[in-house]
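Student: here are the coordinates; sequence isn't available:
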């Protein structure tokens with residue numbers, strides 16, 4: 001009886017593993033195949049992209065779209081650098097300010113803290129498109145128009161409500177015993193944050209950083225409004241100008257190749273930060 005049961009367990013486990021592996025492949029294909037299709041199409045000329053796909057059209061693959069984007073009259077590489085500067089500046093500022101604010105809202109109790117946090121959350125309800133005109137006037141008054149730093153500050157202001165919300169909830173999940181032990185050992189407030197809690201709250205910081213980076217990297221309307229010089233255009237604005245011809249016709253070859261170029265930094269940043277998503281708060285405390 002026991003021997004037959006022992007012999008029956010391994011096939012069941014192998015069957016469960018195969019089912020899990022197959023389901024993982026199918027789910028991954030849902031996300032990977034569209035990206036692979038877009039990358040493959042980016043090597044085709046614009047005339048082939050707008051035509052129905054056929055095996056014959058894939059026999060004429062080349063780097064023409066990328067060559068025209070990177071070596072044409074519009075310096076796309078300069079615009080990529082501009083977008084990287086704005087995106088990383090936005091992500092760093094948002095992560096630092098949101099972490100400090102979340103630390104205050106999550107670990108300290110002071111009069112009016114609930115009202116102050118509610119005021120911060122109001123930013124969720126006001127899209128910047130609704131206040132674009134007063135924002136333009138304010139940026140003009142502060143001499144921040146046509147400035148990458150000004151654009152990064154603008155993005156930071158509208159990413160902070162989400163970042164503060166995430167970091168406050170992250171700090172609320174930190175065991176109070178860790179903070180009390182740090183106080184007993186004589187650690188200051190900043191030492192407790194940087195040495196004791198840093199590893200525990202890193203998943204929240206990574207989430208805030210990634211969200212701010214993706215927002216700043218892909219945002220179009222604000223960059224189009226507050227940046228007026230071609231030398232300081234970000235990548236979405238520059239690609240919009242390159243893809244559209246004089247009479248409004250869209251060059252789909254440039255469009256697809258530009259989309260592939262634009263998604264590379266997003267993938268790299270996500271791959272660099274994705275390991276923090278699998279780290280739990282308890283394991284972070286043990287490792288820290």
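Tutor: The structure has been received and is ready for your questions. Note that the structure is predicted; figures quoted are calculated from it, not measured.
Student: low-confidence ranges, the chain, go.
Tutor: Low-confidence segments of the chain, defined by pLDDT under 70: 1-16, 73-74, 244-248, 277-288.
Student: can you list the domain ranges for it.
Tutor: As assigned by automatic domain parsing, the chain contains the domains 2-62, 65-287.
Student: single out the most deeply packed of those domains.
Tutor: Of the domains of the chain, the one with the most neighbours on average (mean count of other Cβ atoms under 10 Å) is domain 65-287, at a mean of 17. No exception for glycine: its C-beta is placed from N, CA and C like everyone else's.
Student: surely residue 51 and residue 60 touch.
Tutor: No. Using Cβ atoms under 8 Å, residue 51 makes no contact with residue 60, being 11.5 Å away.
Student: what segments of the chain are helices?
Tutor: 2-41, 46-49, 64-71, 76-107, 113-121, 132-141, 148-172, 176-184, 189-191, 198-218, 221-226, 235-243, 252-273, 281-287 (DSSP state H).
Student: contact partners for residue 48?
Tutor: The contact partners of residue 48, by Cβ atoms under 8 Å, 6 or more residues apart in numbering, come to 57, 60.
Student: please report how far it lies from residue 136.
Tutor: Plainly put, residue 48 is 42 Å away from residue 136 if you go by Cβ to Cβ, to the nearest Å.
Student: chain neighbours aside, what residue packs nearest to the spatially most central residue of the chain?
Tutor: Closest to where the C-alpha atoms of the chain average out (Cα atoms, centre = their mean) is residue 214, at 2.9 Å. Spatially, and ignoring its direct neighbours in sequence, residue 214 is nearest to residue 266 (6.2 Å; Cβ to Cβ, 6 or more residues apart in numbering).
Student: please tell me how far the one you found sits from residue 233.
Tutor: For residue 266, the distance to residue 233 - Cβ to Cβ - is 19 Å.
Student: now do residue 225
Tutor: Residue 225 is 12 Å from residue 233, by Cβ to Cβ.
Student: and residue 117, by the same measure?
Tutor: Distance, residue 117 to residue 233, using Cβ to Cβ: 37 Å.
Student: cool, residue 129 as well?
Tutor: 20 Å.
Student: look up how far residue 257 lies from the residue nearest to the centre of the chain.
Tutor: 20 Å.
Student: and residue 26, by the same measure?
Tutor: 29 Å.
Student: what about residue 178, distance to residue 81?
Tutor: 41 Å.
Student: meant to ask about residue 229
Tutor: 14 Å.
Student: what does stretch 117-137 contact?
Tutor: Stretch 117-137 is contacted from outside by 101, 105, 145, 154, 158, 160-162, 164-165, 168, 221-222, 225-226, using Cβ under 8 Å, 6+ apart.
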